[in-house]
Structure formats: C-alpha cells, structure tokens
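Participant: whatever this is, show me its structure:
(one chain, ligands or ions: 2)
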Amino acid sequence: MALNLKGRSFLTLEDFTPGEIRYLLDLGHDLKAKRRAGVCDPALKGKHIVLLFEKTSTRTRCSFEVAATQEGAHVTYLDAGSSQMGKKESLEDSAKVLGRFFDGIEYRGFGQDIVEELAAHAGVPVFNGLTNEFHPTQILADFLTIREHFGKLEGIKLVYLGDARFNMGNSLMVGCAKMGMHFVGLGPQELAKQMDQELIKRVFAEARKNGGLIEITDDMGSLKGADMIYGDIWASMGEEDLIPKRAELLSPYRVTEDTLKATGNPDILYMHCLPSFHDFETKLAKEWKDKGVDIREVTDEVFRGPHSVVFDEAENRMHSIKAVLVATIGK
Ligand code: CP
Ligand code: NVA
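Facilitator: Numbering: from 1, shown residues only. Ligands and ions are numbered 1, 2, ... in the order given. Presented below is the predicted three-dimensional model:
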C-alpha cells in the first residue's frame, strides 16, 4: 500500500517509521531529478506556508522558500521581532490563528515543546526547522546525500565528532537508529553525561529493532572503519557564551587530516550541517582567534578537501524539505 503522509507534522524523526523516512528520501530524490530535468508540475499551487524564525538561518529558510515557490506555494516569513507570538499572544492562540491562514507552519527556535504545542493547536502540519533538541529536516538531507554516495543507508558507519548532546547529535542518532546504521557520538564525557538519557534508551531500542548500532564514546579508536565523519559547530545558536569553554573541551576532537586517516578508509566522506568554522574568515572565528581561542571544529584542508561533501549536503536541504512539503500538504 502506498504511504500517505498528508496532514502529518514533521517534528522529529522519532514520529516516523523507517518506511516513511525512506518514502521521504525517495520523494526528495525524485523531486531533485525533476528539477534537474526542468520538469515543472507544481504540487503546492495555491498553498500558503508561514515560516517562523526565532533563530537565524541561511539554508533552512532559503530551502523552505525556494522549495515552496518552485512548487507554486506562497511563503510568509516572520522573524522573532515581527509577530505577537509569545509576547502578547500565547503559542496556543498564535497556532490557532496561523492555522486559519496557512496550510503549513515552519518553526525554528528554542524548545521542542514549542513546535509540539504549535502542532497540537494549529490544525495544519507544523515543520521543525530546528529546535534545541532536534533538526530533522537536516537529517533527511544528510541521508539523501549518503544514499547518493553509497546507494544505501543500512550498515553505514557515521562518526559524529563534537557536542553530541544537542540537536544534531540527537537527530543523527535517531535517524541512524531508524535506518539500521551505526552511529558513533565521539566527544568528551563531560558533554556525553548531559545527553537526554530517556532519548538514549528509546534510540537503543529502536536501533536493536532495525539492525542499527549506537555508541557514545570518547575513544578515538572508534573512528576505525567509519564510512563518514560528521561535524557541527561546538557552541550552537543561543550558547555563544560557552564558546571558550567548548573550544577547550572539544579541541581534541577537531577534524583534521589525521582524523580522516584514523578511520583507515581511503574513501572516507566528511559531512557537516553548516555553518562551519573552518577558517578565520568569519567575524566570530576572527574575534576569538584574536583572544587566543581557535574555535574551528574542522581544518580548512579537510573542509575544502576531496573527502568533503558539505555542499552536496547543503543543496539537498532544499530537495528534502520540498519532499516534506509535497508529502504533507501537496496535491
Ligand atoms: N544547516 C542549517 O540548518 O543551516 P541554517 O542554520 O543556515 O539554516
Ligand atoms: N547545532 C547547530 C546546528 C546549526 C544548523 C545549532 O543549533 O546552532
């Protein structure tokens, strides 16, 4: 029976079966091929989508805007300062109002409870464009990219280096468990201890069910046999005051040519959700360098090198977000 995701919210991959995730990846693949072939068959004609951004974004915002527009939908963008939500109007009331105007609501911001509350009251699908806890549309793009390179997800070993206790670590872990992959969260114990223990329990059970494997470790030996190394910045949006502490904790986990070599895999791939500190060409990296702190999570050599697929991955944000929109609110 064909899968039907119409009317569903996209809040975390935990809510989706492996089959449903595969369906979204297949759809993303097809929509990408259609776009490349110049085929125009808009699936979102007459639809209206609102984008609520309480944190900054390049890829996610542009992906939603371009994907929706290419499929014939209209998009309204509201940033943190330009609506009544949360200040003069409760989340519940805001969701009820927006649900009367729009066919879908995207939210990027802080707690996962916020997207959940929006979804509970909107009456239309709500899409998680990143919360502190999860970044599920990023994982679809990552998995689409992995499939393009390996032709499969099952059995692939992904080592995530850095802060495994936040949105990217959590979401990759969930995604890998769902798809029967081998996830390694490689980083300092001090951060691993802060991971959501209930989530870890659920993820271990899910991995067992799907033939996946989950490891959380500070052992560099776990790099051996990796198919890919995955990175993220060391202090996420909203945590900027922790930058020096994080740099101290995580500098042993900076991805260098030696990290790639330690995998023993000459075809190792390097992935990153972006944005990345890989040189000193950004305001923040420069400011901290002047204070004697190197905040790069990866060297420029690796980031720009032949193993890096970070820009394929960035492009796939758009195709995979388009799949979510078409699957949930498309014709
Ligand atoms: N990867 C990602 O979500 O990028 P943005 O913060 O630019 O949206
Ligand atoms: N962990 C990062 C992801 C950015 C896409 C953050 O939350 O800032």
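Participant: can you tell me the average pLDDT over stretch 297-306?
Facilitator: Stretch 297-306 shows a mean pLDDT of 98.
Participant: can you pull the buried residues of it?
Facilitator: Within stretch 297-306, the residues scored as buried using 16 or more other C-beta atoms under 10 Å are E297, V298, T299, V302, F303. For every residue, glycine as well, the C-beta is placed using N, CA and C.
Participant: next, the residue nearest to the second one when sequence neighbours are not counted: phi, psi?
Facilitator: Leaving aside its chain neighbours, V298 sits nearest to V255 (4.2 Å; criterion: C-beta to C-beta, 6 or more residues apart in numbering). In terms of degrees, to the nearest 10, the main-chain angles of V255 are phi -90, psi 120.
Participant: against A285, how distant is V255?
Facilitator: Between V255 and A285 the distance is 15 Å, computed by C-beta to C-beta, to the nearest Å.
Participant: same check, this time on L25
Facilitator: Using C-beta to C-beta, one obtains 33 Å as the distance from L25 to A285.
Participant: tell me the spacing between the residue in the stretch 151-300 of the chain positioned nearest to ligand 1 and I233.
Facilitator: Using C-beta to the nearest ligand atom, the closest approach of the stretch 151-300 of the chain to ligand 1 is made by C273 at 4.1 Å. C273 sits 9 Å away from I233, taking C-beta to C-beta as the criterion.
Participant: could you dump stretch 147-158 to CSV, C-alpha only?
Facilitator: Backbone C-alpha positions of stretch 147-158 (Å, rounded to 0.1, in the frame of the first residue of the first chain) are rendered in CSV as follows:
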residue,chain,number,x,y,z
ARG,A,147,22.4,7.4,-0.3
GLU,A,148,23.8,9.3,-3.3
HIS,A,149,27.3,8.2,-2.4
PHE,A,150,26.8,4.7,-1.0
GLY,A,151,23.5,3.7,-2.6
LYS,A,152,22.2,2.6,0.8
LEU,A,153,21.9,3.6,4.5
GLU,A,154,21.8,0.2,6.2
GLY,A,155,25.1,-0.7,7.8
ILE,A,156,26.8,2.6,7.1
LYS,A,157,29.0,3.8,10.0
LEU,A,158,28.7,7.5,10.8
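Participant: pull the distance from it to the chain's centre.
Facilitator: Centroid separation between stretch 147-158 and its chain, computed with C-alpha atoms, centre = their mean, to the nearest Å, is 17 Å.
Participant: one more: stretch 313-321?
Facilitator: In terms of C-alpha atoms, centre = their mean, the centre of stretch 313-321 is set 10 Å apart from its chain centre.
Participant: do the same with stretch 68-77
Facilitator: Distance of stretch 68-77 from the chain centroid (C-alpha atoms, centre = their mean) equals 21 Å.
Participant: return the set of buried residues in that stretch.
Facilitator: A68, Q70, E71, G72, A73, V75.
Participant: dump the residue contacts of the last one.
Facilitator: Right, V75. The neighbourhood of V75, defined by C-beta atoms under 8 Å, 6 or more residues apart in numbering, consists of H48, I49, V50, L51, F64, E65, A68, T69.
Participant: from what I can see F101 touches V50, true?
Facilitator: Yes - taking C-beta atoms under 8 Å as the definition, F101 is a contact partner of V50 at 7.2 Å.
Participant: more neighbours: those two, which one.
Facilitator: Neighbours per residue (other C-beta atoms under 10 Å) separate F101 from V50, with V50 holding more: 22 against 11.
Participant: what are the boundaries of the helices in the stretch 1-150 of the chain?
Facilitator: Secondary structure of the stretch 1-150 of the chain, counting by DSSP state H, counting those that start in this stretch: helices at 18-37, 59-70, 91-101, 112-122, 136-150.
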